[in-house]
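K.L.:
here is a sequence together with a model predicted from it:
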Amino acid sequence: MSDQLQICLVSFTPEFIFENSIRIQHIGYFDFYIRKLPSKIFIKNKDLQHLIFLFEQLYRKTRKSNKQIFKEEVLLLSFNLFLYVLAEKYSNYFQQLNENYTIKEKLVLQFFKILEMNCRKHHDVKYYAEALSMTPDNLTKIIKELTEKTAKRFIVEAIVLEAKNLLRNEDLNISNISEELQYINYSSFSIFFKRHTSLSPSEYRSRLNSH
């Protein structure tokens, strides 16, 4: 083994990235890219040194005393900085692959884009299929083939993410959020949210406030 080998590991859960990322995730893109693109990239030495520096900064902040003022805030900002610099390097490395998408892959990416813009108001597969000039069955078949998830599953995940984002805004009451997401009343929204998160909207908001 080479003496120059260095391994830096940062691990986190999907829930952690949602709760603590500065920018709300784009629904579906992770599932698509993780299957299409290889997990390793080659970057210039100066970029590598920059990432190692950010990693070491992040590591040092995790080791500081819990009594330090603003430790959590500084740690999360450092985490976000590392994450987005890494994402930028990854994106730049694979930018040339944009021209190599198949027709099916382009369709899936179009679906994610339309879903991102319309998931608050449209919850059915038929709407997205019609927007892409195809049948719901064909849309679901292609998405399942490329991501191993159904179109409906992505729609549900998008609604849940939107709901969580709205629940972080204390200025919105839960009834307002229900209306924003096109649910006929608080009860139907609460049933949906609890089915997919194991928490009621009020329980989820309380958990956010306790952190």
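P.N.:
On my side now, so go ahead.
K.L.:
pLDDT below threshold where in this structure?
P.N.:
1-3, 14-15, 18-39, 94-99, 211 (pLDDT under 70).
K.L.:
for the longest helix belonging to the chain, what is the distance to the chain centroid?
P.N.:
Using DSSP state H to define each element, the chain has its longest helix at helix 71-93. Taking C-alpha atoms, centre = their mean, to the nearest Å, the mean C-alpha location of helix 71-93 is offset from the chain mean by 14 Å.
K.L.:
can you tell me what sits against that helix?
P.N.:
10, 17, 20-23, 41-43, 47, 50-51, 54-55, 57-58, 61-62, 64-65 (C-beta atoms under 8 Å, 6 or more residues apart in numbering). (C-beta placed from N, C-alpha, C; glycine too.)
K.L.:
ok, stretch 135-146 next?
P.N.:
For stretch 135-146, contacts defined as C-beta under 8 Å, 6+ apart pick out 32, 35-36, 104-105, 107-108, 111, 125-126, 128-129, 132, 149-152, 154.
K.L.:
go through that stretch and flag the buried ones.
P.N.:
Neighbour-count burial for stretch 135-146 flags 136, 139, 140, 142, 143, 146 (criterion: 16 or more other C-beta atoms under 10 Å).
K.L.:
how about the helix or strand containing residue 46: buried residues?
P.N.:
Element membership for residue 46, per DSSP states H and E: helix 45-63. Neighbour counts over helix 45-63 (16+ other C-beta under 10 Å) mark 47, 50, 54, 55, 58, 61 as buried.
K.L.:
now do the helices in this protein.
P.N.:
Using DSSP H, the helices of the chain run over residues 14-20, 29-36, 45-63, 71-93, 103-118, 125-131, 136-147, 151-167, 174-180, 186-197, 201-210.
K.L.:
okay, the angle between the longest one and helix 45-63?
P.N.:
If I follow you right, that is helix 71-93. Angle between the axes of helix 71-93 and helix 45-63 is 160 degrees (criterion: axes from the mean of the first three to the mean of the last three C-alpha atoms, to 10 degrees).
K.L.:
what do you get for the fifth one?
P.N.:
Angle of helix 103-118 versus helix 45-63, following the same axes, to 10 degrees, is 40 degrees.
K.L.:
other SSEs contacting helix 103-118?
P.N.:
helix 29-36, helix 125-131, helix 136-147, helix 151-167 (3 or more C-beta pairs under 8 Å, 6 or more residues apart in numbering; DSSP states H and E).
K.L.:
right, so those: which one is the most enclosed?
P.N.:
Comparing these on average neighbours per residue, with mean count of other C-beta atoms under 10 Å, the densest one is helix 151-167 at a mean of 19.
K.L.:
roughly how far is that one from the heart of the chain?
P.N.:
10 Å.
K.L.:
do the same with stretch 182-189
P.N.:
Per C-alpha atoms, centre = their mean, the displacement of stretch 182-189 from the mean C-alpha position of its chain is 24 Å.
K.L.:
any buried residues in that stretch, and which?
P.N.:
Under 16+ other C-beta under 10 Å, the buried positions of stretch 182-189 are 183, 186, 189.
K.L.:
mind giving me the domain split of this structure?
P.N.:
14-97, 103-210 (automatic domain parsing).
K.L.:
residue 4: which of those is closest?
P.N.:
domain 14-97 (11.6 Å; C-beta to C-beta).
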